[in-house]
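In: Sequence first, then the predicted structure, then my questions.
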Amino acid sequence: MIADSIVLTGFVASLLAGLATVVGALPILSIGRPTEAQQNLMLGFAAGVMLAASFFSLIIPGIEQAEAQGASRWVASATVVVAILIGGAFLAQLNAIVPPLDRLGLGPEAIADVRLRRIWLFVAAITLHNFPEGLAVGVSFGGGDMAAGTATALGIGLQNMPEGLAVAGSLASLGYSRRTAIGAALASGMVEPVAGLFGAAVVSIALPLLPWGLGFAAGAMIWVVASEIIPDTHSRVDGRKATTGLMVGLVAMLFLDTTLG
């Protein structure tokens, strides 16, 4: 009975953390069809959020998790490095095999497939990164430490807000409706309760997966930002807007990660 209660608590906590993505996306409701400059600003902000999250929410915690499980600093770092490279290679391969998205009717009219692909790869990377975060919440509760679980869920929930805005903003920059953009942000966060349920129910399996999952997600996001988002924003009329957005997104996420971690 106690075990069932712990699993349920872990699931609910990860669900609430995941729902924070849609809270962060709500400012999109006040924005109409973005101008070219606003598009660059939103995409730059999203890129900055993801770069900071990759290092402070994923890579560093991944190394710490591996060390906590008994690995030396060298082995822990090597584990996460390998996971990062696998994550980047996975997204690169996914980009190569995904069919043209505009032919599948997945985007607004008059949007080139190359831009659709870039943004949806970005959304996919954010969604992937939410899985190990949900896993971390579930594992924290599944281990029986309610205080640690609550702190982890709260920290991840607050960090999910700018991530939700990043998802919604990137889709709004393509011309998707505000409802669709916010719905995508919500969907990206809903992988967290699934992972949280698994982590709380099967701690012995989920715990060793955490360093690998965190590193994999970081590699996926870094690849998308470096290969697709930054080149795209700087190939347009005014790349300075994108740089400004990136700096704001990076320092905002850095602040949240370092003060809540």
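Out: Great, that's in hand. Keep in mind that this is a model prediction, so the values were computed, not measured.

In: which residues of this structure fall in helices?
Out: For the chain, helices defined by DSSP state H occupy the ranges 2-25, 36-53, 60-68, 73-97, 113-142, 146-172, 178-189, 191-201, 203-224, 230-234, 239-260.

In: gap between the nearest residue to Phe55 once chain neighbours are set aside and Gly143?
Out: Nearest in space to Phe55, with sequence neighbours left out and distances taken as Cβ to Cβ, 6 or more residues apart in numbering, is Ala218 at 7.3 Å. Every C-beta, even on glycine, is put in place using the N, C-alpha and C of the backbone. Distance, Ala218 to Gly143, by Cβ to Cβ, to the nearest Å: 23 Å.

In: neighbour count winner among these two?
Out: Ala218 (31 against 16; other Cβ atoms under 10 Å).

In: Could you point out which residue ranges in the chain have low pLDDT?
Out: Scanning the chain for pLDDT under 70 picks out 1-4, 32-34, 98-115, 144, 236-238, 260-261.

In: Counting neighbours, what do you get for Gly169?
Out: 29.

In: Check Gly70 too.
Out: Neighbourhood size, Gly70 [other Cβ under 10 Å]: 8.

In: Please apply the same query to Leu171.
Out: When neighbours are defined as other Cβ under 10 Å, Leu171 has 28 of them.

In: That one against Ile126, yeah?
Out: No. Counting by Cβ atoms under 8 Å, Leu171 does not reach Ile126; the two are 11.0 Å apart.

In: I'd like to know how many residues surround Ala136.
Out: 29.

In: From Leu26, how far out is Val123?
Out: As judged by Cβ to Cβ, Val123 and Leu26 stand 17 Å apart.

In: Ignore what I typed, I meant Arg240.
Out: From Arg240 to Leu26 the distance is 27 Å (Cβ to Cβ).

In: Which positions within stretch 62-82 qualify as buried?
Out: 62-67, 71, 76-77, 79-80 (16 or more other Cβ atoms under 10 Å).

In: Save the residues you listed as CSV, and put in distance to Phe198 too.
Out: As requested, these are exported to CSV (distance: Cβ to Cβ, whole Å):
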residue, distance to Phe198
Gly62, 18
Ile63, 22
Glu64, 21
Gln65, 16
Ala66, 19
Glu67, 23
Ala71, 22
Ala76, 23
Ser77, 26
Thr79, 20
Val80, 21
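
In: with these in mind, which one is nearest to Ala200?
Out: Taking Cβ to Cβ as the measure, Ala200 lies nearest Gln65 of the buried residues of stretch 62-82, at 16.1 Å.

In: Show the contacting residues for the closest one.
Out: 136, 207, 210-211, 214 (Cβ atoms under 8 Å, 6 or more residues apart in numbering).

In: ok, 10 Å please
Out: Counting by Cβ atoms under 10 Å, 6 or more residues apart in numbering, Gln65 touches 71, 76, 79-80, 132, 136, 139, 207-215.

In: so which of the residues you listed would you say is closest to Thr259?
Out: Set against Thr259, the nearest of those by Cβ to Cβ is Ala136 (17.6 Å).

In: so the closest one touches Pro61, yeah?
Out: Yes. The pair Ala136 / Pro61 is scored as a contact, 7.4 Å apart, by Cβ atoms under 10 Å.
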